[in-house]
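**Student:** predicted model and sequence follow; I will ask about them next.
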Amino acid sequence: MFRATLSLVLFLGLGLAAPARADDALNRLQTLAENGDAKAQYNLGLYYDEGSHGLTRDPAEAVRRYRAAAELGLAEAQNNLGTMYELGTGIEQDYAQAASWYRKAALQGLAIAQHNLGLAYHRGRGVPQDFGQAVAWYRKAAEQGLAAAQQILAAMYDAGKGTKRDAAEALRWYTQAAKQGDAIAQYVLGVMYQTGDGVKQDYVQAYAWLDQAAQQELDAARRSRDAAAAEMTSDQLAKARRLSSELAQR
């Protein structure tokens, strides 16, 4: 599962202020929260969750703040409250409550929550296991550009789980996730090019994508990259290394 992590009241400048100014900004944030400002409640929840901005980490207080903002309809807070329930952090673990809060945020269009709700259906946590529903929610998040959702949607198409097997769709979504730096997608895409599975075999593309994943400490990708290199000519290898360098700069 994923948390929303971006502060929603950046004008307060809590991360950039000098100590006295930061204290003043925190006091103003707390005043806003007590006056019913949902974004302020969410930010305080985030700071207690992380133990940042001069606040000691306090998961229970984070839950209280997230709940206050969630009940005011803030999607990011609803998603984060869901993660607290799912993990049992600051509150007793409750998968049904987690799924319920994910759904509220997902219906507001929050991509992270859509992905988390997809995971709930995928795993059967808090809702009956339903691969078709999982695919539907993953797709919503993937279409908003969430790399993790793109990667797992690709895997569902690749396996024919919750949807008809579609190698072209798997390739499309793996490629989109890989371009955003998702290491698993880069690895799988590299293996597809290496073996010619669902795509024309291309050792240059294979090496470049496997190298990207290997640079993210994925050992399986490193081994596959080195195996691909052993099958390549020196010209192919030079071209693949240039392509990998270009991918890293995008």
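**Tutor:** Cool, got the structure. Numbers count the residues shown, from 1 in each chain.
**Student:** can you list the low-confidence ranges for this protein?
**Tutor:** Judged by pLDDT under 70, the chain has its weakly predicted residues at 1-22.
**Student:** grab the most central residue of it for me.
**Tutor:** The residue lying closest to the centre of the chain (C-alpha atoms, centre = their mean) is residue 148, at 4.7 Å.
**Student:** just give the nearest non-adjacent residue to that residue, would you?
**Tutor:** Distances taken as C-beta to C-beta, 6 or more residues apart in numbering put residue 115 closest to residue 148, at 6.0 Å, once the chain neighbours are dropped. All C-beta atoms are positioned from the backbone trio N, CA, C, and that covers glycine.
**Student:** do the same with residue 179
**Tutor:** That would be residue 250: by C-beta to C-beta, 6+ apart, it lies 6.9 Å from residue 179.
**Student:** burial count for the one you found?
**Tutor:** By other C-beta atoms under 10 Å, the residues close to residue 250 number 7.
**Student:** residue 164 too?
**Tutor:** Residue 164 has 7 nearby residues by other C-beta under 10 Å.
**Student:** next one: the one 10 residues further on
**Tutor:** Applying the criterion other C-beta under 10 Å, we find 30 residues in the vicinity of residue 174.
**Student:** you'd agree it is up against residue 153?
**Tutor:** No: using C-beta atoms under 8 Å, residue 174 is not in contact with residue 153; the gap is 9.3 Å.
**Student:** wait, the residue nearest to residue 179 sits on residue 181?
**Tutor:** No: look at residue 250 against residue 181 with C-beta under 8 Å: they stay out of range, at 9.2 Å.
**Student:** isn't residue 146 right next to residue 110, touching?
**Tutor:** No: counting by C-beta under 8 Å, residue 146 sits too far from residue 110 to count as a contact (9.9 Å).
**Student:** so for stretch 131-138, what gets flagged as buried?
**Tutor:** Counting neighbours by 16 or more other C-beta atoms under 10 Å, one finds that the buried residues in stretch 131-138 are 131, 133, 134, 135, 136, 137, 138.
**Student:** which of these fall within helices?
**Tutor:** Among the buried residues of stretch 131-138, the members found in helices (DSSP state H) are 131, 133, 134, 135, 136, 137, 138.
**Student:** take those and lay them out in CSV including distance to residue 75.
**Tutor:** Listed next are these as CSV, based on distance: C-beta to C-beta, whole Å:
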residue, distance to residue 75
131, 25
133, 19
134, 20
135, 22
136, 18
137, 14
138, 18
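**Student:** which one of those is nearest residue 166?
**Tutor:** residue 135 (11.1 Å; C-beta to C-beta).
**Student:** helix/strand/coil for the spatially closest residue to the closest one that is not a sequence neighbour?
**Tutor:** Spatial nearest neighbour of residue 135, excluding adjacent residues (C-beta to C-beta, 6+ apart): residue 162 at 3.9 Å. Three-state call for residue 162 (DSSP: H, G, I helix; E, B strand; the rest coil): coil.
**Student:** residues contacting residue 162?
**Tutor:** Contact partners of residue 162, counting by C-beta atoms under 8 Å, 6 or more residues apart in numbering, are 130, 131, 132, 133, 134, 135, 156.
**Student:** buried ones in the host helix or strand of the residue nearest to residue 148?
**Tutor:** Assigning secondary structure by DSSP states H and E places residue 115 in helix 111-123. Judged by neighbour count using 16+ other C-beta under 10 Å, the buried positions of helix 111-123 are 111, 112, 113, 114, 115, 116, 117, 118, 119, 120, 121, 122.
**Student:** give me the contact list for it.
**Tutor:** With C-beta under 8 Å, 6+ apart as the test, helix 111-123 has contacts from 1-4, 75, 78-79, 82-83, 86, 95, 98-99, 102-106, 125-131, 133-138, 140-141, 144-146, 148-149, 152.
**Student:** I appreciate the help and will end here.
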